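Peer 1: give me a model of this one.
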Amino acid sequence: MVLTNKLLLWQIACYVIAWILSLCIIIPMTLHQDEFKGHCLLFSTGVWQEADGQFLVSWASQAYCNYTIFVGVVLFVVSVIQIYRMYMYIHRDTDSSFLSAFVDVIGCLFLCTLTIIAALMITLGFMTWCQNMTERFPSCELAAGQAIDKKDGIKTDWFYMELGTAQFGVWASFSCWVALAVFSMLKLCSYHQIQNMRVSMYRERQNLISETLKSQDNVNPQFVDGGGVSGAGGGGTSSANPGIN
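Peer 2: Residues are numbered from 1 along each chain as shown. Next up is the predicted model:
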C-alpha cells in the first residue's frame, strides 16, 4: 500500500501539471485563430508578391488548429476530473481498484496518441509557415508584427510567441501523459502482485489445513487401540480375584 500511496501522490502532481499545460495549448491557439481572422497558419503556404511585397497566402484547413484546440480541451477536462478523483482517494484514505487502474492505463495511452498527433501538427505546420517567412525575413520571429497580408486583415504581432507557447505546451503535455501512463502501469502491476500474493497465501493456508487434518487422522487410531488393550487387562485382573479368595 505504501507504493500505491506514493504513486497516487505522483499522479496528482502530474495531473496538475497536465492541467496547466493544457491551458498552454488552448489559450494561444485560440488567440491565434482570432488574430488571423479564423485562418490557421499551420501548413499554410504562399508566394511573396514583388509588386507590393505582400504574402499571397494559400490557407490550409482550419481543422489543424481546431484539432489542437480540441485536444487541449480534452486534456483540460480529463485532468480536472482526475485531480478531483485522486483527491477524494486521499481524503478517504483509499485508492483505485484494479479495474479503474486498468482503465487509467488505457485512457492515458489513448490521450498520449491524441497529444502526439497534435504535437506533430503544430511542429510541422509551424515549420512550413516559417519556411515561407524566411524567404523574405532573416528569421521567422522577425516576421511577427509585419503587415504581410493586408488583404486578409490578419494580425501578426504575436503569432510567433503564440505558436511557440502552443508547441512547448503540447510536447510537454505528451511527456506528462507518458509519465501518467507509466505510473498507472506501475500501480496496475502492484495490484497484480498483491493479488498473486493473496492467491499464494490462500493456497498455502489450504495446504496447511489439509496437512493438519491428515496428521490428526493418523494420530486418533492409536489412541483408540491403546484404550482397548488397557480395558482387556483390567478385566483379567478382576476375574482372578475370586479364585484367590
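
Peer 1: which residues sit in contact with the residue lying closest to S44 once chain neighbours are set aside?
Peer 2: Take S44 and drop its neighbours on the chain: the residue closest to it by Cβ to Cβ, 6 or more residues apart in numbering is A60, 4.6 Å away. Just so you know, the C-beta spots here come from the backbone N, C-alpha and C atoms, and that holds for glycine as well. Each residue near A60 by Cβ atoms under 8 Å, 6 or more residues apart in numbering is listed here: 40-45, 125.

Peer 1: show me where the protein has its strands.
Peer 2: 45-48, 55-58 (DSSP state E).

Peer 1: buried deepest among those strands, which one?
Peer 2: Compared across the strands of the chain, strand 55-58 shows the largest average neighbour count, a mean of 17 (mean count of other Cβ atoms under 10 Å).

Peer 1: neighbours of T156, just the number please.
Peer 2: The local packing count at T156 equals 18, with neighbours defined by other Cβ atoms under 10 Å.

Peer 1: quick check, it in contact with Q146.
Peer 2: Yes: using Cβ atoms under 8 Å, T156 is in contact with Q146, at 5.9 Å.

Peer 1: what pLDDT does the closest residue to L41 other than its chain neighbours get?
Peer 2: Closest residue to L41 apart from its sequence neighbours, by Cβ to Cβ, 6+ apart: W129 at 4.6 Å. We have a pLDDT of 95 for W129.

Peer 1: same check on the one 5 residues further on?
Peer 2: At T134, the predicted lDDT confidence score is 92.

Peer 1: residue ranges in this structure under the pLDDT threshold?
Peer 2: 1-4, 191-245 (pLDDT under 70).

Peer 1: S22 contacts C176, doesn't it?
Peer 2: No: counting by Cβ under 8 Å, C176 is not a contact partner of S22; they are 9.6 Å apart.

Peer 1: how about the contacts of A60, which pair is most distant?
Peer 2: Across those, no pair lies farther apart than C40 and T45, at 12.3 Å, counting by Cβ to Cβ.

Peer 1: how much space between F76 and L142?
Peer 2: 33 Å (Cβ to Cβ, to the nearest Å).

Peer 1: these two: who's more crowded?
Peer 2: F76 (18 against 13).

Peer 1: could you give the number of residues near the closest residue to V80 other than its chain neighbours?
Peer 2: Closest residue to V80 apart from its sequence neighbours, by Cβ to Cβ, 6+ apart: W19 at 6.3 Å. Neighbour count of W19, defined by other Cβ under 10 Å: 19.
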